[in-house]
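A.B. asks: Predicted model, plus sequence, below.
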Amino acid sequence: MRQMAVITPYAQFLFRYISATADKNVTIRFARRTDVMPVVPIETNYHPSAVDLLLIKRLIAETSKQNLIQFLQHEFVNISKSYADRLIGEMGPDFTPKMAVKSLSSQQIVRIHQLFRQAKFDDPSGDCLSPAGEYNLRLGIIKELHPDMVATYEGSPHVFEGHPFIVEAGVSLGGKDVKQGINIFRFANRIPLLFEQGADVVTRTAMKRINWNSYKINQTQDKIGVFVSIVSTKIPFKGTGKEYIGDDITEIATAVKAAIQQCCVQLKSKIVRKQQARERQERKRNLTKYIPDASRAIYEVLKDIVQLRSPKKPRYGDVYEEILNGVSSREITETTLREKLAQHVEQVDIEMALEYATQSGITQEARETTYIRSLEGTPNFYDFHSPVCVIRLFH
């Protein structure tokens with residue numbers, strides 16, 4: 001149920017077990033966190049490369065079209081009238097565009113199937129698919145795992161054997177109830193896959209084909225969550241139980257690897273920024289720690305110079321003479337030096353942070369509306385604006 005709550009944050013799940021004794025009653029609730037539903041799929045015809053012999057026979061039996069050219073043009077996608085004429089011409093002398101489709105013999109149907117396997121057709125579009133969406137996947141991961149970092153990616157539609165498919169992936173670091181190492185969460189058409197994990201394409205890709213160290217992620221020490229959802233008109237399950245997706249389809253394995261890598265690239269950028277921020281804080285802490293000693297030493301040196309200098313014969317420039325006069329008149333003390341050094345360290349830290357933000361292009365990144373809100377009642381909220389994001393607080 002937790003995995004279902006991850007992939008469907010727009011739904012609410014309630015599990016209630018009532019025992020004979022009240023102290024053993026169990027209630028588990030996964031709350032709804034968004035009203036953004038997945039895209040509604042568009043009904044489509046079969047792709048010529050995806051049909052088998054039995055399916056062609058069934059389409060012929062059920063079609064309302066009278067002749068062969070109409071059958072090819074209207075019962076399949078990506079076959080125009082001109083391309084249908086060309087296909088019929090390549091089928092042989094026994095075929096004509098106006099021949100009755102219901103009169104096709106078994107040998108002629110086999111010839112059509114063979115030609116479908118040999119000919120080249122445009123790839124089908126992904127409009128017939130309904131992925132969860134990158135926003136929903138990210139929200140589901142955040143809602144259930146509360147990770148320290150999360151990155152998500154939705155790939156463009158790909159094709160295998162004439163069937164379109166889309167791979168969505170998410171990678172998280174840290175979180176609640178997440179074990180050290182790689183934790184795999186697999187979904188097929190937004191349904192969790194719970195068994196036969198070791199042989200699945202997602203598991204083998206995450207374990208063997210991703211170099212986690214190159215993305216500054218420790219494969220054994222960090223708490224890594226890998227979420228992959230494959231949406232397709234035909235999921236290539238292995239075994240009769242439909243419990244895992246095989247690793248023998250190159251197109252799917254390549255798309256899964258690319259999606260996970262895209263998430264890792266996003267996480268690497270976040271990890272580098274976090275490390276640099278930590279280094280700046282450490283550098284500032286070290287400089288601040290030595291401010292009292294440095295200001296004391298500088299003040300002692302200035303006092304010695306004041307005592308040894310001759311007021312009648314200035315040996316230093318105007319700026320330095322002004323500093324020495326300030327020491328003599330007690331306008332410059334150890335306390336004022338300490339305050340000035342602290343201000344300088346603070347100013348340097350701010351300038352370095354701004355310089356890093358400029359180099360990283362943070363001010364140029366697109367803003368994305370991301371918030372969690374109650375779905376009941378009229379929302380009241382306040383917006384807090386910053387150069388990086390807008391925080392919306394509901395009450």
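C.D. replies: Here it is on my side, so go on. Residues are numbered from 1 along each chain as shown.
A.B. asks: Low-confidence bits of the protein, can you list those?
C.D. replies: Counting by pLDDT under 70, the chain shows low-confidence ranges at 310-318, 353-380, 386-389, 394-395.
A.B. asks: Not counting the host helix or strand of residue 4 itself, show me its contacts.
C.D. replies: Taking DSSP states H and E as the definition, one finds residue 4 inside helix 2-7. Contacts with helix 2-7, where a contact means C-beta atoms under 8 Å, 6 or more residues apart in numbering, come from 11, 13, 30, 132, 136-137, 140-141, 143-145, 185, 187, 190, 192, 194, 227, 229. For every residue, glycine as well, the C-beta is placed using N, CA and C.
A.B. asks: Direction included, what does the very next helix or strand once past that helix pair against?
C.D. replies: From helix 2-7 onward toward the C-terminus, using DSSP H and E, the following helix or strand is strand 13-17. Taking DSSP bridges as the criterion, strand 13-17 forms sheet pairs with strand 26-30 (antiparallel).
A.B. asks: thought residue 36 was touching residue 11?
C.D. replies: No. Under the criterion of C-beta atoms under 8 Å, residue 36 lies out of contact with residue 11, with a separation of 11.7 Å.
A.B. asks: Look at residue 298 and say how many residues are nearby.
C.D. replies: Neighbour count of residue 298, defined by other C-beta atoms under 10 Å: 15.
A.B. asks: Who are the packing partners of the host helix or strand of it?
C.D. replies: Here residue 298 is covered by helix 250-308, with elements defined by DSSP H and E. The criterion is 3 or more C-beta pairs under 8 Å, 6 or more residues apart in numbering; DSSP states H and E, and the helices and strands that helix 250-308 contacts are strand 149-154, strand 158-160, strand 163-173, helix 201-204, strand 223-232, helix 318-328, helix 334-360.
A.B. asks: Looking at these, which is nearest to residue 26?
C.D. replies: Distances from residue 26 to each of the helices and strands packed on helix 250-308 were compared using C-beta to C-beta; the minimum, 25.4 Å, belongs to strand 223-232.
A.B. asks: Go through the helix holding residue 4 and flag the buried ones.
C.D. replies: In terms of neighbour count (16 or more other C-beta atoms under 10 Å), helix 2-7 has its buried residues at 3-7.
A.B. asks: List the contacts of stretch 244-263.
C.D. replies: Outside of stretch 244-263, the residues that reach it under the criterion C-beta under 8 Å, 6+ apart are 151-155, 158-160, 165, 167-171, 186, 188, 193, 195-197, 199-202, 204-206, 209-210, 226, 228, 230, 235-238.
A.B. asks: actually stretch 132-145, sorry about that
C.D. replies: Contact partners of stretch 132-145, identified using C-beta under 8 Å, 6+ apart, comprise 2, 5-10, 30-31, 33-34, 36, 38-39, 147, 150, 152-154, 168, 170, 172, 175-178, 187, 190, 225, 227, 229, 231, 370, 372.
A.B. asks: ditto for stretch 117-130
C.D. replies: 38-44, 47-50, 77-79, 87, 90, 156-157, 159, 162-166, 190, 231-233.
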